[in-house]
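Colleague: Got a predicted model here, sequence first, then my questions.
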Amino acid sequence: MAWRAALRSKAVIPGLLSCSSHGRLCASPTFITQRNNSTSPKIKVDYDQTTGVAVLHMQSPPVNSLSLDFLTELCISLEKLEMDKGCRGLIITSNQPKVFSAGLDILEMYGKSPEHCGEFWKVVQEMWLKLYGSNMVTIAAISGSSPAGGCLLSLTCDYRIMADNPRYTIGLNETQLGIVAPFWFKETMVNTVGHRNTEVALQLGLLYKPAEALKIGLVDQLVPEDQVFTVASQTMTKWLTIPEHARQITKSMMRNPTIDKLRTNREADIQNFVSFITKESIQKSLRMYMEMLKQRKA
Amino acid sequence: MAWRAALRSKAVIPGLLSCSSHGRLCASPTFITQRNNSTSPKIKVDYDQTTGVAVLHMQSPPVNSLSLDFLTELCISLEKLEMDKGCRGLIITSNQPKVFSAGLDILEMYGKSPEHCGEFWKVVQEMWLKLYGSNMVTIAAISGSSPAGGCLLSLTCDYRIMADNPRYTIGLNETQLGIVAPFWFKETMVNTVGHRNTEVALQLGLLYKPAEALKIGLVDQLVPEDQVFTVASQTMTKWLTIPEHARQITKSMMRNPTIDKLRTNREADIQNFVSFITKESIQKSLRMYMEMLKQRKA
Amino acid sequence: MAWRAALRSKAVIPGLLSCSSHGRLCASPTFITQRNNSTSPKIKVDYDQTTGVAVLHMQSPPVNSLSLDFLTELCISLEKLEMDKGCRGLIITSNQPKVFSAGLDILEMYGKSPEHCGEFWKVVQEMWLKLYGSNMVTIAAISGSSPAGGCLLSLTCDYRIMADNPRYTIGLNETQLGIVAPFWFKETMVNTVGHRNTEVALQLGLLYKPAEALKIGLVDQLVPEDQVFTVASQTMTKWLTIPEHARQITKSMMRNPTIDKLRTNREADIQNFVSFITKESIQKSLRMYMEMLKQRKA
């Protein structure tokens, strides 16, 4: 059981979720205003019409936090690509060093109104619905750590290639922060690594080193750090040789039962999230976690 | 992940489905007429009343294509055996060299009327229902390659023993031909190798070499080619020591949820198949595939 | 496949269920009267309020048979612990040498009235419902063999540590006796080791040696025999560092779908058990099994 090793290793330090500023400016209203007014795109898409492959670079310093703005940009980009029938494959990767994505941005959930939290959660759902149900071949080129929402993002893809660097970790570690991964995070993980691995991983909020992640099937392939993107491109070429229509129908058949559960419970899932995250005890957990992040940084 | 190896290996050449004449006579009306008039049995059953074990030899040259005639004979044989309370075990094997079964006969789906396609699909369903729900202990002695419908046939059994010859492959590779494995093929595979292995295998239409098939649990045991049947017989002897009634109820408990899904959706599944397979684009795929088979043969 | 090894090994001797007297007194009414009047507790609970960890010692000689009395005591103990909000972890272990628990007590099912059998089954359900749905962290310190109901007991826990002694076995081997594991035993096992492993294990009534059990995930960790309890305590300490509320909600999310199936079918499941176990043929199987146990003992 790889998660026993994870449990023993230092990988089980809380490292989940993220704070888009990682430190000093973290809870500063000034910062938040700056962030909202920022016009530099958090996502860069390179689409090669000759190959039909788009590469989506996450480039939101310092750790590609999944903020409301980030996810909105992501969803818009995905919608455009999905509608372009020539675009058949999507590689998702990070331009930030050492990190794929640090997950959902705590600042969208801490000290915010229920309305804001609900709006945020809706776009988290939207990202998952778009990616898990994408008609494109989707490959995650995981070039660094990928906790919590970052792990979810990679789990929506058809294939996961991770940098073989033992300093990186991946996992749905929400529980470590006192947060609960919702049922569709859980089902995505069960579909990937099975019920028992998920039960332990989610209860303990485990973060896995690459070798452990490979062992339980949380990622599909490890490659040297400088080859992650190259191998992702080569893999994409192979996947694109498969008859497209049959592959798409097959993918839908495998994933639609899970997708339909969220689609038919979307509003209830938002209410559930909002009432949970706005609890005083949970807000306190978030504050403590952000303070710990600041101290680590300092 | 064994399917990564499969992806790299030559195993991922399209080899699915089959054409009952493998070549020159393939689409010839003359041939089809001959075939329909054929009186030589495509199935030979040896039933040993002293042991309670029947051996079903598939003997339809060249590659045990699962044609309408073949499947009809198979279902009749199964029905007879199932009704004989003395018959407690069934070993399914092939008398053809190098192949267990090459799968569904394309000639039953190419250039045929919707009525014919529907009739054909009904007997494919019937074969699966009878075998996956059999009260007998069923063991597949997989003496050669077993793509597509041949793989499904083996997956219905309680235990799979395959010849350890790296030139043989097994898998549900329908997608490679532009065809989609229906939901009950999918569920049978999920029940055997889990959700994630199935998702990748079906999307890519992977064919696995024996060692890879063993690794993901698509087969249970590999033995030298000349011992496949002997080991199947020995395994049967062990299974038959288990109290029969309790074993049958247990088997039903494990498989009935899947079986019930097809039973309650049988007509819709036929309509779904017929409307898909009679599409012009799919018919074109089938034609191209048969031409490729001819050229390979030539 | 570990169960192939199990099939070859001597592990597949019928060893399931248990007879609370193991031998001469087995079916003696005198004995049963003595047993019912017994005032020595079958369960000893040591609860350390400073750590919040309770240790439940099973101490019903000779083999911790799960009798009506035993299970009633167990359920009362569990209810008390669950209601004490300070009690956050539970280690279940055995004070009997070489055995964790030998499973359900045959004497509660053999020669008994339908009413008695129904009452017995209800408390078996209750034990499972309480443990599989426990808010506490539950760890099984499996210090010896654990067939049938003993295996189920350990499967309800969050983590299983077993003594690494090849003379011990674990498994749901009901089928070997002609009994059928009910659907919730099955689902608990599927949730732990997956569908295919369960299908084979339950059909054949397999008992696994520790190494094989670890391989399929039936237990989580093997340790030298004298360290089972120590490692269980250390593991508990780690699990208790996890934010409690989030862990509990996560556990419920993973297990409630299975628990709800029994909750909503509890009466039907009792009727099903009673009508099965009171059949003449099944009673005969139980008698033969008890006689075999007596002869082995003699």
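Modeller: Yep, that arrived. Numbers count the residues shown, from 1 in each chain, chains lettered A, B, ... in the order given.
Colleague: Which residues of chain A lie near chain B?
Modeller: Neighbours of chain B within chain A, by Cβ under 8 Å from any Cβ of the partner chain: A:158-159, A:190-194, A:217, A:220-221, A:238-239, A:242-243, A:245-247, A:249-251, A:253-255. Backbone N, C-alpha and C define where each C-beta goes, glycine included.
Colleague: Other residues contacting the helix or strand residue A:276 falls within?
Modeller: Using DSSP states H and E, residue A:276 maps to helix A:266-277. Under the criterion Cβ atoms under 8 Å, 6 or more residues apart in numbering or on different chains, residues A:109, A:114, A:117-118, A:121-122, A:125, A:179-180, A:182-184, A:262, A:282-283 lie in contact with helix A:266-277.
Colleague: So for it, what gets flagged as buried?
Modeller: A:266, A:269, A:270, A:273, A:274, A:276, A:277 (16 or more other Cβ atoms under 10 Å in any protein chain shown).
Colleague: Show me which of the residues of chain A next to chain B are buried.
Modeller: Of the residues of chain A next to chain B, these count as buried by 16+ other Cβ under 10 Å: A:158-159, A:190-194, A:217, A:220-221, A:239, A:242-243, A:245-247, A:249-251, A:253-255.
Colleague: coming back round to it: could you single out the nearest of the buried residues of helix A:266-277 to chain B?
Modeller: Nearest to chain B out of those is residue A:269 (Cβ to the nearest Cβ; 21.8 Å).
Colleague: now that closest one: how far from chain C?
Modeller: As judged by Cβ to the nearest Cβ, to the nearest Å, residue A:269 and chain C stand 12 Å apart.
Colleague: Which parts of the stretch 1-150 of chain A are strands?
Modeller: Assigned by DSSP state E, counting those that start in this stretch, the stretch 1-150 of chain A shows strands spanning A:43-48, A:53-58, A:89-94, A:137-142, A:146-147.
Colleague: ok, the third one: who's next to it in the sheet?
Modeller: Partner strands and pairing direction for strand A:89-94 (DSSP bridges) are strand A:53-58 (parallel), strand A:137-142 (parallel).
Colleague: Next, the angle from that strand to strand A:43-48.
Modeller: 140 degrees (axes from the mean of the first three to the mean of the last three Cα atoms, to 10 degrees).
Colleague: what residues does the stretch 151-298 of chain A put near chain C?
Modeller: So the stretch 151-298 of chain A meets chain C at A:174-181, A:183, A:186, A:194-196, A:198-200, A:202-205, A:281, A:285 (Cβ under 8 Å from any Cβ).
Colleague: And these, which of them are buried?
Modeller: Using 16+ other Cβ under 10 Å as the threshold, A:174-181, A:183, A:186, A:194-196, A:198-200, A:202-205, A:285 are the buried ones among these.
Colleague: In strands only, show me those residues.
Modeller: Assigned to strands by DSSP state E, none of those qualify.
Colleague: gap between the two ends of stretch A:222-242?
Modeller: End-to-end distance for stretch A:222-242: 23 Å, by Cα to Cα, to the nearest Å.
Colleague: In helices, which of the residues of chain A next to chain B fall?
Modeller: Those of those mapping onto helices are A:190-193, A:238-239, A:245-247, A:249-251, A:253-255, per DSSP state H.
Colleague: where in chain A is pLDDT low?
Modeller: Applying pLDDT under 70 to chain A flags residues A:1-39.
Colleague: at 80 what do you get?
Modeller: For chain A, applying pLDDT under 80 flags the ranges A:1-39, A:297-298.
Colleague: so residue A:160 makes contact with residue A:223?
Modeller: No: in terms of Cβ atoms under 8 Å, residue A:160 does not count as a neighbour of residue A:223; the distance is 11.2 Å.
Colleague: Please pick the buried ones from the contacts of helix A:266-277.
Modeller: A:109, A:117-118, A:121-122, A:125, A:179-180, A:182-184, A:262, A:282.
Colleague: What is the nearest of the residues you listed to chain B?
Modeller: Looking across these and measuring by Cβ to the nearest Cβ, the closest to chain B is residue A:184, at 14.8 Å.
Colleague: residues in contact with the closest residue to chain C within the stretch 151-298 of chain A?
Modeller: Proximity of the stretch 151-298 of chain A to chain C (Cβ to the nearest Cβ) peaks at residue A:178, 4.0 Å away. Contact analysis of residue A:178 by Cβ under 8 Å, 6+ apart lists A:281, A:282, A:285, C:243, C:245, C:246.
Colleague: can you give me the helices in chain A?
Modeller: Using DSSP H, helices in chain A cover A:2-8, A:29-37, A:68-83, A:114-132, A:148-155, A:183-193, A:195-204, A:210-216, A:228-239, A:244-263, A:266-277, A:280-297.
Colleague: Distance to residue C:94 added to the ones you listed, as CSV?
Modeller: Output for those, formatted as CSV (distance: least, Cβ to Cβ, whole Å):
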stretch, distance to residue C:94
helix A:2-8, 23
helix A:29-37, 57
helix A:68-83, 52
helix A:114-132, 45
helix A:148-155, 39
helix A:183-193, 32
helix A:195-204, 24
helix A:210-216, 30
helix A:228-239, 49
helix A:244-263, 40
helix A:266-277, 40
helix A:280-297, 38
